[in-house]
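Q: my questions are about this predicted structure, shown below with the sequence.
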Amino acid sequence: MRIRRVACLLFAGFCVIQLTLLYFENLDIQRFMPNEKTNKPYRVLRGYNKDSTGKYLIHRFYKSEGFNLDSIEPEDVTLVTHCTVDRLHHIIGLTETWAGPMSIAIFAPGTDSAFADDAIDGLRLCWPVLRKLANFHLVYPKHESTRANMSSAGDFVYLSCKDIMRRMVLKKSLLESQHSPGGLGYPHNLMRNVALSGVLTNFVLTVDIEMIPSENLRKDFLEFAKENHLHPKPHTVKNNQEYTSVNKTVFVVPAFEVKKDSEIGGTKQSIIAAMRKSDARPLLQETCPQCQVQTNYEKWASTSGLVHQFGVAYEAEFATGWEPFFISSRMAPWFDEKLTKFGHDRLSQICELKSNEYTFKVINNGFLIVASFRIKSRMTEEEHIRKENKITFKDQFRAGLRKSGRIASDLIGVC
């Protein structure tokens, strides 16, 4: 009898050990492992995918155990964005104005990944709606020196929401740090595409993390899409017929920069009033005027009589160098990850849209704002090159398109 009891206890202990090991094997965060070079312990992430080049590791739907797929309606618009860990605090403003699904890619090399892990938990704790609306994706270089290091994960435990916010605002990313490894760059188009891969709705709006949508932009567009039958029917997605004609229209959202600390309302009347007082102006007006000129802000402001009716104000003509922000079908071309040179990243998608005969229609009642003026004195060297050497910039961009091969050679001339 005693032997049987001992055997049962041993078997139970064996089962507990096996279940414990199985638990740790399936955790995203692996137990402490030795660094090959320093032999110091550090924690790493598991369950990743590689990008097409094999240089970056990707964790899609990171910490998604609280994300409810049933809460996402296909007939919606997902706000797509990306950032480094020092800009995560901007998510709060986006959440308050967008109030809809979001897909966010975070570039987190080295110990930035531990901060991102803590920040995601903190954001969900203090702003619970994020657990329902936002999915996160982690990206970092494969190289040993910048691979995700989770050693410091857990620093946000027991912090108040005020302290969590303070840490996010004060945080400096590894890219900003003086200890940043040489050659560590930000893969803009990879980040955009990773965030796009998390979209579960019919439409997307891809923006920079600092951009804030005007009030009711999502709500108004959804009503507009429903009234105009823009959402695809199940059979049209499969046979690619009726859906194709809808798919080839993108809805341009005018983007503005406003003076810091200016109180700008979320309506069209308020942004027009701010422009008259010189508290707001078209995005990049001083540093890259060609980037937004085709949106035609004067014409947009003249449609102020339609402020109570959401719809298309006019169709904009494509021009080389134009970089509009827009709502599009999630089936629209993504970004070319092979083009990494400054200024070429977003242009590649616009050119691909044009070469595939997409039309650009400017909405009359909705916009994006960035809370600061971009001025010449703060332009980077790369921005100066783009502004002052337009012909060289264009030639290099077209050469990049030819090398990439995503656009037919005879169509590259339109870019």
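A: Sure, I can see it.

Q: C-alpha from now on. contacts and neighbour counts both.
A: OK.

Q: quick one: residues contacting the residue nearest the centre of the chain.
A: If you average the C-alpha coordinates of the chain and look for the closest C-alpha using C-alpha atoms, centre = their mean, you land on T81, 1.6 Å from that point. Residues counted as contacts of T81 (C-alpha atoms under 8 Å, 6 or more residues apart in numbering) are 102-105, 192, 195, 206-209.

Q: test my guess that V293 contacts W322.
A: Yes: counting by C-alpha atoms under 8 Å, V293 does reach W322; the two are 7.1 Å apart.

Q: how long is stretch 403-415 end to end?
A: Across stretch 403-415, the straight-line distance between its terminal residues is 14 Å, by C-alpha to C-alpha, to the nearest Å.

Q: ah, wrong one, I meant stretch 334-347
A: Across stretch 334-347, the terminal residues are separated by 11 Å (C-alpha to C-alpha).

Q: how about that stretch: buried residues?
A: Using 16 or more other C-alpha atoms under 10 Å as the test for burial, stretch 334-347 gives 334-340, 343-347.

Q: likewise for stretch 163-176?
A: Of the residues in stretch 163-176, those buried under the neighbour-count criterion (16+ other C-alpha under 10 Å) are 164-165, 167-168, 171, 173-175.

Q: next: stretch 136-143.
A: Applying a neighbour-count criterion of 16+ other C-alpha under 10 Å, the buried positions in stretch 136-143 are 136-142.

Q: dump the residues you listed into CSV; add pLDDT as well.
A: Listed next are these as CSV, based on pLDDT from 0 to 100:
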residue, pLDDT
F136, 95
H137, 95
L138, 95
V139, 96
Y140, 93
P141, 92
K142, 89
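
Q: just the ones of the residues you listed in strands?
A: Helix and strand membership here follows DSSP state E; of those, those in strands are 136-141.

Q: pick out the most distant pair among those.
A: Across these, no pair lies farther apart than F136 and P141, at 17.1 Å, counting by C-alpha to C-alpha.

Q: returning to what we had before: okay, the ones in strands among the buried residues of stretch 136-143 in JSON lines with distance to A399 next?
A: Written out in JSON lines, the entries for those read as follows (distance: C-alpha to C-alpha, whole Å):
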{"residue": "F136", "distance to A399": "34"}
{"residue": "H137", "distance to A399": "31"}
{"residue": "L138", "distance to A399": "31"}
{"residue": "V139", "distance to A399": "28"}
{"residue": "Y140", "distance to A399": "28"}
{"residue": "P141", "distance to A399": "26"}
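
Q: quick one: which of those is nearest N365?
A: F136 (29.5 Å).

Q: that's a strand at Q269, yeah?
A: No: following the definition DSSP: H, G, I helix; E, B strand; the rest coil, Q269 is helix and is not counted among the residues of a strand.

Q: if I look at it, how far off is T295?
A: The gap separating Q269 from T295 is 18 Å, by C-alpha to C-alpha.

Q: so between these two, which is more surrounded?
A: Neighbours of Q269 and T295, each counted by other C-alpha atoms under 10 Å, are more numerous for T295; the result is 27 against 15.

Q: what bridges to V204?
A: V204 has these beta-bridge partners by DSSP bridges: T78, S328.

Q: these two touch, right, it and S328?
A: Yes: contact criterion C-alpha under 8 Å: V204 and S328 qualify, at 5.6 Å.

Q: which residues outside the helix or strand hosting K226 are in contact with it?
A: When elements are defined using DSSP states H and E, K226 is found to belong to helix 217-227. Outside of helix 217-227, the residues within contact range by C-alpha under 8 Å, 6+ apart are 75-77, 98, 100, 231, 310-311, 365-367.

Q: pLDDT below threshold where in the stretch 251-400 of the chain?
A: For the stretch 251-400 of the chain, applying pLDDT under 70 flags the ranges 304-308, 342, 377, 379-393, 395.

Q: swap in the stretch 51-200 of the chain?
A: Across the stretch 51-200 of the chain (using pLDDT under 70), the flagged ranges come out as 65-71, 178-183.

Q: one more pass at 80, please.
A: Where the stretch 51-200 of the chain drops to pLDDT under 80, the residues are 64-72, 144-145, 176-184.

Q: all strands of it, in order?
A: Using DSSP state E, counting those that start in this stretch, the strands found in the stretch 51-200 of the chain span residues 56-62, 77-84, 102-107, 134-141.

Q: include distance to V157 when you put those into a markdown table, please.
A: A markdown table is the format used below for the strands of the stretch 51-200 of the chain (distance: least, C-alpha to C-alpha, whole Å):
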| stretch | distance to V157 |
| --- | --- |
| strand 56-62 | 19 |
| strand 77-84 | 21 |
| strand 102-107 | 21 |
| strand 134-141 | 20 |
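
Q: which of those sits closest to K50?
A: strand 56-62 (4.6 Å).

Q: please name the strands paired to that closest one in the sheet, noting orientation.
A: strand 49-50 (antiparallel), strand 134-141 (antiparallel).

Q: redo those as TSV? Include distance to V252.
A: Listed next are the strands paired with strand 56-62 as TSV, based on distance: least, C-alpha to C-alpha, whole Å:
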stretch	distance to V252
strand 49-50	32
strand 134-141	23
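
Q: which stretch among those strands comes nearest K259?
A: If you check each of those against K259 by C-alpha to C-alpha, strand 134-141 wins as the nearest, at 28.8 Å.

Q: ok, and what's touching that closest one?
A: Judged by C-alpha under 8 Å, 6+ apart, the contacts made with strand 134-141 from elsewhere in the structure are 55-64, 67, 101-110, 113, 146-148, 191, 194-195, 198.

Q: just the ones in strands among the buried residues of stretch 136-143 now: which is nearest P254?
A: F136 (26.5 Å).

Q: count of neighbours near the residue lying closest to the closest one once chain neighbours are set aside?
A: Excluding its sequence neighbours, the residue lying closest to F136 (C-alpha to C-alpha, 6 or more residues apart in numbering) is I104, at 4.9 Å. Summarising burial for I104: neighbours were counted as other C-alpha under 10 Å, giving 27.

Q: take the contacts of helix 217-227 and keep only those in helices.
A: Using DSSP state H, the members of the contacts of helix 217-227 that fall in helices are W98.

Q: got TSV for the contacts of helix 217-227, with distance to I375 and neighbour count too?
A: Compiled in TSV, those are given as follows (distance: C-alpha to C-alpha, whole Å; neighbours: other C-alpha atoms under 10 Å):
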residue	distance to I375	neighbour count
E75	39	16
D76	36	22
V77	32	27
W98	28	20
G100	32	20
H231	40	20
F310	32	16
G311	32	21
N365	27	27
G366	25	24
F367	21	23
